[in-house]
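Chemist: generate a structure from the sequence data that follows.
(2 chains)
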Amino acid sequence: MGKKMDKFTGALEGVAYTISNQKHIKAIKQSFVTLMPVIIVGAFAVLVENMILDPETGLAAFRMFSFLAELQGIMSAINYATLNFITIAAVVLIGIELGRINGLKSLFPGLMALMSYISVIPTTVFLEVDGSFQEVVNVLAREFSDPKSLFLGMFIALISVELFTWFSKMDKLTIKMPDSVPSNVTTSFASLFPSIITVTIIASFGFAFHRLTGIYLHEAVYNLIQRPLESAIQGLPGILLLMFVAQFFWVIGIHGNQMIKPIREPLLLGSITVNMNAYAAGEEIPNIITMPFWDVYMNIGGSGVTIGLLAAIFIAGKKQEMRSIAKLSAGPGIFNINEPVIFGVPVMLNPILAIPFIITPLITGTIGYIATVIGFADKAVVMVPWTTPPIINAWLSTGGSWGAVVTQLICIGASILIYLPFIFIANRTRRLDEGSNDESSTKIV
Amino acid sequence: MKRILLACSAGMSTSMVVSKMKKAAETLGEEYYIYAIPEGAIEEELQAHHDEVVVIMLGPQVRFARRATEKRAAPYGIPVDVMDVRLYGTADGEKLLQKALQLAKQRQ
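Modeler: Next up is the predicted model:
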């Protein structure tokens, strides 16, 4: 049993290694880390606009503050600059990150990606004016800068920078300069041919695609890739599967969220951005599953909703060591950080606690989903950082929905009830709290 | 100042370990700059401070990054290790510092 377990763990670690070192995945993951402040700034603008400046829902509804409504333009400008421009920012960042991974020593790949991206999107839109369609030329439609084109942007950024790298490394394509020419001049010329060729290939591809198929590249990517993925994740089974995978990795002590981030971030950050835009515009909120949904209902106190585990230990835990680690973990737990729980209690490679650790977020996620579908809890409309404590994150992210707060409390209650019986079992298991060192952990099994 | 570099996923979960290690270093009278960063930022950190970093210790949750980190640190002769699960989970600053100092001796 021990050997099998070792093999199994080893295999999963191999998967983790591959995922975390695959360069395109890495570039996307890093870019979304850098993008986060942009999304939070946008969230700030949405919050201020709706809670303070809006003449119907905000502070400006009171007569003495009605002058505040005049200032709405400031926040909507910030909103457009951040949430509606997220794809442009992502394209540049992915270009820079992949360029860096590929060993190109300048920021130019970011521009390369942007040029290529702009070259495949149509810059003519048709507007309906007084019943007839008018052609408007030379504009960047919002759908190309907001999350609707995120996947097209990601693909074009990755492909263009790969091509660019490939051409840059071809000796024949770099312009040689005499040694007397300053090196800065040489580098600026060195990327000339590779960038001309790259952007020509990408632009021609976009052009040919439209001519041959009759549909634009962005429509194809959206309809064939982005939308199916979005609807998969917007359904309950999709998000539960994603959570299950993350929890599975955590059980062997590997950062599960890191493993699923490449899929989760574009989809869930995309869906909350769409919600924020709809909220700011006063439209109906489309998405149930968003990044805050994950944090508010499925990640309370950290992965595995370990707030319930801590409470269960405080209520029923008999082992001194477990209790002292629970005390130590309570502080970080408030901010949804729970590595001390996972490695200290431990949950890692613990056959008893692994069960509730995996199933709890699936159950609380289902509770949150049902509560949102029936309209008891509001959908998330504001991005909130994952380290925001429970209750506050439920309230803020939903734009002040008490239904969401109550639902989160129900989830916390459920998590305690799920963990409790396992703590009773753990109390009776002798060696449980000794495990989890690399050698001894497998022997417990 | 000599640096003991810890790394995990976001650099947050390790901060508790950092403060415990700092305390342990104080009582031992050792002067080190002990801090935590996200695993993805190791490369940049090394570019900036490779002459000061004496050891890199990874959180067990990012142990899959070990090989890649070793590759990055090798040119500077900086030893890399994954923190013991138990010591990390219980934030045992003393033992982790001991281990770090022991490893730092191998720095070329």
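Chemist: now the helices: where do they sit in the stretch 1-150 of chain A?
Modeler: For the stretch 1-150 of chain A, applying DSSP state H, counting those that start in this stretch gives helices covering A:2-21, A:23-48, A:72-82, A:86-101, A:108-120, A:150-168.
Chemist: what residues does chain B have near chain A?
Modeler: For chain B, the contact set with chain A under Cβ under 8 Å from any Cβ of the partner chain comprises B:8-9, B:12-14, B:16, B:38, B:40, B:59-65, B:67-68, B:84-86, B:88-91. To be clear about C-beta, it is placed using only N, CA and C from the backbone, and glycine gets the same treatment.
Chemist: helices of chain B, residue ranges please.
Modeler: B:15-28, B:42-49, B:66-73, B:85-89, B:93-104 (DSSP state H).
Chemist: let's see stretch A:58-70 as CSV, backbone CA atoms only.
Modeler: C-alpha atoms of stretch A:58-70 as CSV (Å, rounded to 0.1, in the frame of the first residue of the first chain):
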residue,chain,number,x,y,z
GLY,A,58,-25.8,55.5,-3.8
LEU,A,59,-25.3,58.2,-1.3
ALA,A,60,-26.3,60.7,-4.0
ALA,A,61,-29.9,59.6,-3.5
PHE,A,62,-30.0,61.8,-0.4
ARG,A,63,-30.7,65.4,-1.4
MET,A,64,-27.8,66.9,0.4
PHE,A,65,-25.4,64.6,-1.5
SER,A,66,-27.1,64.9,-4.9
PHE,A,67,-24.2,66.9,-6.3
LEU,A,68,-22.1,63.7,-6.2
ALA,A,69,-24.1,62.4,-9.1
GLU,A,70,-22.3,64.9,-11.3
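Chemist: now residue A:387. Nearest residue, chain neighbours left out?
Modeler: Spatially, and ignoring its direct neighbours in sequence, residue A:387 is nearest to residue A:335 (4.6 Å; Cβ to Cβ, 6 or more residues apart in numbering or on different chains).
Chemist: wait, isn't that neighbour in contact with residue A:389?
Modeler: Yes - Residue A:335 is within contact range of residue A:389, at 6.1 Å (criterion: Cβ atoms under 8 Å).
Chemist: the more surrounded of those two?
Modeler: residue A:335 (17 against 13; other Cβ atoms under 10 Å in any protein chain shown).
Chemist: next, that one: phi, psi?
Modeler: phi -100, psi 20 (degrees, to the nearest 10).
Chemist: which ones are touching it?
Modeler: A:387, A:388, A:389, B:12 (Cβ atoms under 8 Å, 6 or more residues apart in numbering or on different chains).
Chemist: reformat the helices of chain B as JSON lines; add mean pLDDT and mean neighbour count.
Modeler: Listed next are the helices of chain B as JSON lines, based on pLDDT from 0 to 100; neighbours: other Cβ atoms under 10 Å in any protein chain shown:
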{"stretch": "helix B:15-28", "mean pLDDT": "89", "mean neighbour count": "18"}
{"stretch": "helix B:42-49", "mean pLDDT": "88", "mean neighbour count": "15"}
{"stretch": "helix B:66-73", "mean pLDDT": "89", "mean neighbour count": "17"}
{"stretch": "helix B:85-89", "mean pLDDT": "89", "mean neighbour count": "24"}
{"stretch": "helix B:93-104", "mean pLDDT": "91", "mean neighbour count": "18"}
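Chemist: reformat these as JSON lines; add distance to residue A:81.
Modeler: Listed next are the helices of chain B as JSON lines, based on distance: least, Cβ to Cβ, whole Å:
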{"stretch": "helix B:15-28", "distance to residue A:81": "32"}
{"stretch": "helix B:42-49", "distance to residue A:81": "27"}
{"stretch": "helix B:66-73", "distance to residue A:81": "36"}
{"stretch": "helix B:85-89", "distance to residue A:81": "41"}
{"stretch": "helix B:93-104", "distance to residue A:81": "44"}
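Chemist: got a pLDDT number for residue A:36?
Modeler: Confidence at residue A:36, expressed as pLDDT, is 91.
Chemist: what sits closest to it if chain neighbours are left out?
Modeler: Distance criterion Cβ to Cβ, 6+ apart; nearest residue to residue A:36, sequence neighbours excluded, is residue A:385 at 7.7 Å.
Chemist: surely the one you found touches residue A:40?
Modeler: Yes - applying Cβ under 8 Å, one finds residue A:385 in contact with residue A:40, separated by 6.4 Å.
Chemist: excluding chain neighbours, what is closest to residue A:143?
Modeler: Closest to residue A:143 by Cβ to Cβ, 6+ apart is residue A:149, at 6.1 Å.
Chemist: ok, the spatially most central residue of chain A - contacts?
Modeler: Nearest to the geometric centre of chain A sits residue A:265, at 2.0 Å (Cα atoms, centre = their mean). The contact partners of residue A:265, by Cβ under 8 Å, 6+ apart, come to A:28, A:29, A:32.
Chemist: now do 6 Å
Modeler: residue A:32 (Cβ atoms under 6 Å, 6 or more residues apart in numbering or on different chains).
Chemist: same question for the one 5 residues further on.
Modeler: The contact partners of residue A:270, taken as Cβ under 6 Å, 6+ apart, are A:147, A:150.
Chemist: about what we covered before: doesn't the residue nearest to the centre of chain A belong to a helix?
Modeler: Yes - counting by DSSP: H, G, I helix; E, B strand; the rest coil, residue A:265 is located in a helix.
Chemist: check what pLDDT it gets.
Modeler: pLDDT, read off for residue A:265, is 92.
Chemist: is it true that residue A:46 touches residue A:281?
Modeler: No - the criterion here is Cβ atoms under 6 Å, and residue A:46 misses it with residue A:281 at 10.0 Å.
Chemist: with neighbour numbers in mind, choose between those two.
Modeler: residue A:46 (26 against 11).
Chemist: can you list the residues of chain A near chain B?
Modeler: A:13, A:16-17, A:20-21, A:30, A:253, A:255, A:258, A:337, A:339-340, A:343-344, A:346, A:436-437 (Cβ under 6 Å from any Cβ of the partner chain).
Chemist: buried subset of the residues you listed as a PyMOL selection?
Modeler: Here is the PyMOL command that selects the buried residues among the residues of chain A next to chain B (16 or more other Cβ atoms under 10 Å in any protein chain shown):
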select buried, chain A and resi 13+16+17+20+30+253+255+258+337+339+340+343+344+346+436
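Chemist: ok, residue B:13 - contacts?
Modeler: Per Cβ under 6 Å, 6+ apart, neighbours of residue B:13: A:337, A:339.
Chemist: how close does it get to residue A:344?
Modeler: Distance from residue B:13 to residue A:344, counting by Cβ to Cβ, to the nearest Å: 11 Å.
Chemist: and what of residue B:97?
Modeler: 18 Å.
Chemist: quick check: nearest residue in space to residue A:72, chain neighbours excluded?
Modeler: Residue A:72 sits nearest to residue A:53 (Cβ to Cβ, 6+ apart), 4.7 Å away.
Chemist: which ones are touching that neighbour?
Modeler: A:60, A:68, A:69, A:71, A:72.
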